[in-house]
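Undergrad: Let's see this in three dimensions:
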Amino acid sequence: MPPRPLHALIIGGSRGIGLSIAQLLARNAYTITLLSRNETSLKAAISTLDGHSDPSPTTSTTTNSSSTHTRPAPQHAYIAADITAPTFWTHANFAAQYNPLSPDLPSTRKIDVLINCAGITQSTLFTRTDPTSLSTILSTNLTAMMLGTRYLLRHRYFQSHSRRKSEEKRERVEEVGKGEEAGAHTPVIINVASLLGLQGGFGAVAYAASKAGVLGFTRALATETGGMGVRVNAIVPGYIETDMTEDLNKSELIRRIPLGRLGKPTEVAQAALFLAQNEYAHNCVINLDGGLSAV
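TA: Numbering: from 1, shown residues only. As a prediction, the model looks like this:
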């Protein structure tokens, strides 16, 4: 039987940075599950992923009978839901929608890579930001990330093993000389923060606070999950060409950025792929801001 494909759950993967990460991982043979609120956007996103319509089955034959058992290869999938609702992160809601995605091959939906990428922004002075907006930004950008990650860790959705077992597996792989191709992969959580979480920004107090929280969450969680065999890292994008930067004064931004341009979502995706594949990347924070944080 062929090895189990690596699987990535991408929260907030229907557009922008999250979608670019999903597309790059799919091109690298990951099975993708997208989780976001808008079903129309999710359907459109799934259709852009390599292999989304691949009908080829995985076949295994039992040796003690003449029957052949054919099972469908895992396919990309999505869940449309409000991740900010605490009641979503329960067995009655998340598990009820997630577990049936691969009823015949439940192990194929074990998580190798979790991308926490859901986020909303703002452009309002703090004193003019109403309490509902403050709560919505913090809930979407930070609280939902913590609730979801906590649920997935507690209920063992990660394809994980203890640090000792991870080391034993890697040693066996090295002995046979197959390296990473033999599947010495430890699961990883990759949280998408923001440059504003490091240096703040005018009119973005709640957003900056939420993204600073993402970095604090990443660093603290990394101290707890290493022994579980789960790595935790973060990406800190600067200004990236997405719908979230469409209304900004780009000429002024470009003047300030040492590289003289905005970043591309594909460049953030490349960092995510690196963090997913590098087995020693843990509590690793990658800045992708074109040098803006240096000025």
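Undergrad: Let me see the contact set for the closest residue to residue 210 other than its chain neighbours.
TA: Of all residues not flanking residue 210 in the chain, residue 141 sits nearest, at 3.6 Å (Cβ to Cβ, 6 or more residues apart in numbering). In short, each C-beta sits where N, CA and C put it, glycine included. Going by Cβ atoms under 8 Å, 6 or more residues apart in numbering, residue 141 touches 118-120, 207, 210-211, 213-214.
Undergrad: in stretch 197-206, what's buried?
TA: Taking 16 or more other Cβ atoms under 10 Å as the neighbour-count basis, stretch 197-206 is seen to contain the buried residues 197-198, 201, 204-206.
Undergrad: now for those residues, which pair is the farthest apart?
TA: Greatest spacing in these, by Cβ to Cβ: 198 and 206 (15.7 Å).
Undergrad: And residue 101, what's its pLDDT?
TA: Model confidence at residue 101, given as pLDDT, is 86.
Undergrad: Actually, residue 121.
TA: Here, the pLDDT recorded for residue 121 equals 89.
Undergrad: that older thread, A strand includes the residue nearest to residue 210, no?
TA: No: Residue 141 is assigned helix when assessed by DSSP: H, G, I helix; E, B strand; the rest coil, not a strand.
Undergrad: Tell me where the model's unsure across this structure.
TA: Applying pLDDT under 70 to the chain flags the ranges 1-3, 52-74, 103-108, 160-184.
Undergrad: in it, which helix has the most residues?
TA: Using DSSP state H, we find that the single longest helix of the chain is helix 205-225.
Undergrad: burial of residue 98, as a residue count?
TA: By other Cβ atoms under 10 Å, the residues close to residue 98 number 19.
Undergrad: Roughly how far does it sit from residue 259?
TA: Counting by Cβ to Cβ, to the nearest Å, the separation of residue 98 from residue 259 is 40 Å.
Undergrad: Residue 84 too?
TA: 35 Å.
Undergrad: quick one, which of those two is more surrounded?
TA: When residue 84 and residue 259 are compared for neighbours, residue 84 comes out ahead with 20 against 12, by other Cβ under 10 Å.
Undergrad: show me the contacts for that one.
TA: Contacts of residue 84 (Cβ under 8 Å, 6+ apart): 136, 139-140, 143-144.
Undergrad: for the protein, what spans make up the helices?
TA: 16-27, 39-46, 96-98, 131-138, 144-154, 163-176, 196-199, 205-225, 250-256, 265-277.
Undergrad: got the contact list for the longest one?
TA: By that I understand helix 205-225. By Cβ under 8 Å, 6+ apart, helix 205-225 touches 116, 119-122, 126, 129, 133-134, 137-138, 140-142, 145-146, 149, 153, 189, 191-194, 196-198, 200-201, 231-234, 236, 282-283, 285.
Undergrad: Closest to the mean position in the chain, which residue would that be?
TA: residue 115 (0.8 Å; Cα atoms, centre = their mean).
Undergrad: residues near the nearest residue to that one once chain neighbours are set aside, how many?
TA: With sequence-adjacent residues excluded and distances taken as Cβ to Cβ, 6+ apart, residue 115 is closest to residue 10, at 4.3 Å. A count of nearby residues for residue 10, using other Cβ under 10 Å, gives 28.
Undergrad: Check residue 155 too.
TA: The burial count for residue 155: 13, using other Cβ under 10 Å.
Undergrad: if we can go back for a sec, distance of the residue nearest to residue 115 from residue 77?
TA: Noted for residue 10: a distance of 11 Å to residue 77, by Cβ to Cβ.
Undergrad: what is in contact with the two at once?
TA: Common neighbours of residue 10 and residue 77 (Cβ under 8 Å, 6+ apart) are 32-34.
Undergrad: Drop anything exposed from those.
TA: Buried, going by 16+ other Cβ under 10 Å: 32-34, out of the shared contacts of residue 10 and residue 77.
Undergrad: What about those residues, which are in strands?
TA: If you go by DSSP state E, these have 32-34 in strands.
Undergrad: Which one of these is nearest to residue 247?
TA: Nearest member of these to residue 247, counting by Cβ to Cβ, is residue 34, at 25.4 Å.
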